[in-house]
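Novice: return a 3D structure for these sequence lines:
(chains A and B)
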Amino acid sequence: MPQTPMAAKPLLTINDMSIVFSSPDEADIEAVRQVDLTLTPGKTLALVGESGCGKSVTARAVLRLLDRNAKIPSGKILYDTGAGPVDIARLNSDSLAMRAIRGAEISMIFQEPMSSLSPVHTIGDQIDEIIVLHDRLNKKQARERTISLLDQVGVPGARDRANAYPFELSGGLRQRAMIAMALACTPKLLIADEPTTALDVTTQAQILDLLRQLQDDFGMAMLFITHDLGVVAEIADEIAVMYLGDVVEQGDVYEVFRAPKHPYTQALMNSVPRLMRKAERQRLTPIKGTVPSPKDRPNGCAFTSRCPHAFGPCAEIRPQRTMVSTGHTARCHLLTHEKAEAFA
Amino acid sequence: MTTLLSVENLSKVFHLGGGLFRQGRELVALNDVNLTVEAGETLAIVGESGCGKTTLGRCIIKAQPVSSGHVYYHPEGGTSVDLTTLDKRAIKPYRRDIRMIFQDPMSSLNPNMRVFDIVAEPLRVHKLMRGKELEARVYDTLAKVGISPDAAGRYPHAFSGGQRQRIGIARALVLDPKLVIADEAVSALDVSIQAQVLNLLDDLKEEFGLTYIFISHDLGVVNYIADRVVVMYLGHVVETSPTDLLFERPRHPYTEMLLEALPIADPTRRKGRRPELKGEIPYLGNRPQGCPFNTRCKYAQDRCRTEKPALRAINGTAQSAACHFADTLDLTGAYEAPQKAIA
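Specialist: Okay, here's the model as predicted:
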């Protein structure tokens, strides 16, 4: 396993993880086949991919919030607690050890704040609950902390708004409340699952600014899940591209955008409309076909069926993780095969 | 170019709550909207949620009755007609010419109908064709949007999101329309599928000589597909401009804010913090006095808080803006590289 050189000690390392869903009527589905990720304090890793590629499932696995029929049959999720690494993949999802991590050390922001906040409790009560549970403060102290958190994430009139129910807030304010809740116990790792997808573009820009600001203040690591390459370019330090359960390419965000090596990453970047003057505008080059079901995934590279460069070994042999430059890796036979020369 | 559709002083007011003895609230979704659509162009309507862009689309085909104003349709070689004055029966022939594509391909197709019937239904409703002729037309239209005729007997659930959107497009095109209103037609799709559908819309426009009203919140997509752009805020048209001019030098501060907020898929053009992006869209029932944008505008003066600016042409350009200072403000577009790129 080639280890990417890192300045800081990694906080969370996912090694070779797979996630399998079982169902009584059908064969098991391997939603995530092989994921390797490293998260470092103070850095943002963006996990990018289209719907169904396994990015949300990967995030939920880190918090052990997977459905009951899901298993992590192989791989490790090593979390550095400060007193040595813990393998989250081997913890019981409702064990004390896991509950001490979830919400306090690692917390999560969800996509749709309306459906992930309780509609029948005030946002203040919902944030208090976490603080009381993890930090053993009394209700009054917890409320003071809640108010300062709401203030910090830019909720105007925090003291009054703490008594508001989610339906009384706008989408942007709800997402801010959600962020305040995630930060309640100053987590070391924040997982943000499409936190701005449901928001308008000006609100999205404000929330991205806020997350950047909070990262500077708290120094937490962030795993940012999105399908929007514009958002990635705006916020990420590193990027990992997923396709059909595999991480196909990862590395420094400037490097990957400048010179994407995996055909899927290249195709993805070509299918986003760029701002261009009409005279220079070019027709988009979409990826042919659609994403197959994980059941039909080839044994080899998952992208084989849609790849314009697919050749001999692609369908049957899994490409190795190849280092293309410092910290930039991709899994593609073109990078190792001689035939690759023709396509480079 | 000839004008295909003109919207004049269109307003739409929703009445909320209220009862027998209680006065309800009024919500002005569209406020005195004026715009024209030229034959053969793609006109984009952009704005954030609640700005009235969808309501405008629906009012044009009278899916919703308007409160006041006119929508004139000028068919080629025919006489102009005010769609808002027509009753249900009289508007029917015009609904053949003006068709809609909806945002959510999951909910806009009837799950109990086979794809063939979904696409055939408009032909049957308008009693245009039957039997072999109808069959041939449906298969032909499906083929044009890239759905194999073998799949016509299946139900919508058997198709992916991108394929369903193609079926929705086929349903709109089967009547050979002149004007297609696409309401967030690609927003629910993954980027790679979105590119396929955008290219398809482009090809079909060419082939059928269509005119599009493309309603979207995504300025990247709008930049790609539109010839002209209408920017809306709180039910008002705040700017209309040819696409290139809008992205080069916007004339309304709200347009500038939208462009500033737009994430660009290139980390070397990363914008960093944007403290000037402030505030949120006010609640529609709570519209500020004066210019609707004055509560968030960084250029706002006293005049903006009292006097509402009218949409007017900017001298010497094809742009119009509803801003008191549209002539003098030097606003930043999105085309040029930003000054403060972070290395």
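Novice: can you classify A:Leu208 as helix, strand or coil?
Specialist: helix (DSSP: H, G, I helix; E, B strand; the rest coil).
Novice: ok, it - contacts?
Specialist: A:Thr196, A:Val231, A:Glu234, A:Ile235, B:Pro263 (Cβ atoms under 8 Å, 6 or more residues apart in numbering or on different chains). In short, each C-beta sits where N, CA and C put it, glycine included.
Novice: give me that answer again for 7 Å
Specialist: A:Thr196, A:Val231, A:Glu234, A:Ile235 (Cβ atoms under 7 Å, 6 or more residues apart in numbering or on different chains).
Novice: state the mean pLDDT of stretch A:160-168.
Specialist: Here stretch A:160-168 scores 91 as its mean pLDDT.
Novice: and that stretch, end to end?
Specialist: One end of stretch A:160-168 sits 12 Å from the other (Cα to Cα, to the nearest Å).
Novice: quick one: the helices in chain A?
Specialist: A:55-62, A:96-101, A:113-116, A:123-135, A:139-152, A:158-161, A:171-183, A:201-218, A:229-235, A:253-258, A:263-270 (DSSP state H).
Novice: same list, these, but as TSV with distance to B:Ile213 please.
Specialist: Converted to TSV, the helices of chain A look like this (distance: least, Cβ to Cβ, whole Å):
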stretch	distance to B:Ile213
helix A:55-62	34
helix A:96-101	51
helix A:113-116	30
helix A:123-135	39
helix A:139-152	41
helix A:158-161	39
helix A:171-183	26
helix A:201-218	20
helix A:229-235	25
helix A:253-258	34
helix A:263-270	28
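Novice: mean pLDDT lowest where, among the ones you listed?
Specialist: helix A:113-116 (a mean of 81).
Novice: can you point out the buried residues in it?
Specialist: Buried residues in helix A:113-116, counted by 16 or more other Cβ atoms under 10 Å in any protein chain shown: A:Pro113.
Novice: how far does it sit from its chain's centre?
Specialist: 18 Å (Cα atoms, centre = their mean, to the nearest Å).
Novice: contacting residues for A:Gly124?
Specialist: A:Gly124 neighbours (Cβ under 7 Å, 6+ apart): A:Arg143, A:Thr146, A:Ala162, A:Asn163.
Novice: make a PyMOL selection of whichever of those turn out to be buried.
Specialist: In PyMOL, a selection of the buried entries from the contacts of A:Gly124 looks like this (16+ other Cβ under 10 Å):
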select buried, chain A and resi 143+146+162
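Novice: which one of the contacts of A:Leu208 is nearest to B:Ser6?
Specialist: Distance to B:Ser6 across the contacts of A:Leu208 (Cβ to Cβ) is lowest for A:Thr196, with 37.0 Å.
Novice: how far away is that closest one from A:Phe257?
Specialist: Computed as Cβ to Cβ, to the nearest Å, the A:Thr196 to A:Phe257 distance reads 19 Å.
Novice: kindly report the same for A:Gln111.
Specialist: 24 Å.
Novice: ignoring the adjacent residues along the chain, who's closest to the residue in the stretch 151-300 of chain A that chain B sits nearest to?
Specialist: Residue nearest to chain B within the stretch 151-300 of chain A: A:Gly230 (3.2 Å; Cβ to the nearest Cβ). Of all residues not flanking A:Gly230 in the chain, B:Pro263 sits nearest, at 3.2 Å (Cβ to Cβ, 6 or more residues apart in numbering or on different chains).
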